[in-house]
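# what would the 3D arrangement of this be:
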Amino acid sequence: MTTTANQEEWQQLFNGKDLSGWDIKIRGYELNENFGNTFRIEDGKIVTRYEAYDDFKQRYGHLFYKKNFSYYRFATEYRFVGEQPPGGEGWAKRNSGIMVHGQTAASMGKDQDFPISIEVQLLGGLDKGERSTCNLCTPGTNVVYNGKLDTRHCINSTSKTYNGDQWVRAEVLVLGDSSIQHFVNGEKVLEYTKPQVGGGNVGSFDPAQKPDGKLLNEGSISLQSESHPVEFRKVEILNLKGCMDPKATNFKSYYMKEDNSLCTYSGKKGKSE
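Got it, this is the predicted structure:
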């Protein structure tokens, strides 16, 4: 086995300059209508800003990477800054999220609030009490937790509380429809299995996008705008699905799902995707 086979190849999903490769969907607006320049680039970071909102009016937004994934490790470094605009709900203070195994931006209804997805909920401390981050929330979905189907909308992680504007690294390990794990600054804080469509907490969706009981083995990844300014300074993914033939030039020892149609060999290439 070569050193290359062991070397993790993280892909940067954000180029630090613009939002090419991403779709924007804000509640009440058409696809890629970025009301008020809500999602923007500042100092090489993806940020949400709300000076154009005289009233937030539940105009939740999501920034979707245009490619779907199934087996992967996703990571971002985030922090909360500033204050909410008028009309931001109390629960949304210092609140954002990473949505995984989601529907596509184009399949969302114009007035749909959240994508049907699994949410890795990002919360900042409120300088009083405990408030964990990388929790689980389930808009239009359910999971199996501690061995049984759990239909609660949110399940708290075991993370500590992060107050102020400190940067926090959130990671999610997604293994198709088998298991999902959440990590904060490298420490595992939550794990569950069998992500699936079902439950409530999502509105104005196309019923065809919600086949309750269907296991989710792939989907979109999106970053959330819920009314509190948030910044993301790194957005990256480690694909865990690919060629698992050790004889291939693009074999990776860390892959966890085989797709040998992607294998390439010296002087020739396997079947393309």
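# residue 170 and residue 184 touch, don't they?
Yes: using C-beta atoms under 8 Å, residue 170 is in contact with residue 184, at 6.2 Å. Every residue, glycine included, has its C-beta placed from N, CA and C.
# joint contacts of the two?
By C-beta atoms under 8 Å, 6 or more residues apart in numbering, residue 170 and residue 184 have these common neighbours: 133, 134.
# which residues does residue 171 bridge with?
residue 75, residue 183 (DSSP bridges).
# quick one, what contacts it?
Contacts of residue 171 by C-beta under 8 Å, 6+ apart are 73, 74, 75, 182, 183, 184, 186.
# burial count for the last one?
Right, the one you point to is residue 186. Burial measure for residue 186: 8 neighbouring residues, criterion other C-beta atoms under 10 Å.
# do I have it right that it meets residue 168?
No: contact criterion C-beta under 8 Å: residue 186 and residue 168 do not qualify, at 11.1 Å.
# now residue 161: closest residue in space, sequence neighbours ignored.
Of all residues not flanking residue 161 in the chain, residue 125 sits nearest, at 4.1 Å (C-beta to C-beta, 6 or more residues apart in numbering).
# again with residue 195
Leaving aside its chain neighbours, residue 195 sits nearest to residue 216 (4.5 Å; criterion: C-beta to C-beta, 6+ apart).
# hmm, that neighbour is touching residue 115, no?
No: at 11.7 Å, residue 216 does not count as touching residue 115 under the criterion of C-beta under 8 Å.
# of those two, which one has the most company?
Neighbour totals were compared for residue 216 and residue 115, and residue 115 leads with 29 against 23 (other C-beta under 10 Å).
# pull the contacting residues for the more buried one.
25, 62, 64, 99, 102, 103, 105, 108, 139, 202, 220, 222.
# now, which of these sits nearest residue 160?
Checking these against residue 160 with C-beta to C-beta, the nearest one is residue 99 at 23.4 Å.
# what's the burial count for the residue lying closest to residue 256 once chain neighbours are set aside?
The shortest distance from residue 256 to any non-neighbouring residue, by C-beta to C-beta, 6+ apart, is to residue 240 (4.5 Å). Residue 240 is flanked by 20 other residues according to other C-beta under 10 Å.
# same check, this time on the one 5 residues further on
Counted with other C-beta under 10 Å, the burial measure for residue 245 works out to 15 neighbours.
# before we move on, the earlier item: ok, the residue nearest to residue 161 to residue 96 distance?
As judged by C-beta to C-beta, to the nearest Å, residue 125 and residue 96 stand 14 Å apart.
# just residue 112 next, same as before
Applying C-beta to C-beta, the value for residue 112 to residue 96 is 18 Å.
# any stretches of the protein with poor pLDDT?
For the chain, residues meeting the criterion pLDDT under 70 lie at 1-3, 268-273.
# spell out the residue ranges of the helices in it.
With DSSP state H as the criterion, the chain has helices at 3-6.
# what's the closest non-adjacent residue to residue 115?
Distance criterion C-beta to C-beta, 6+ apart; nearest residue to residue 115, sequence neighbours excluded, is residue 102 at 4.2 Å.
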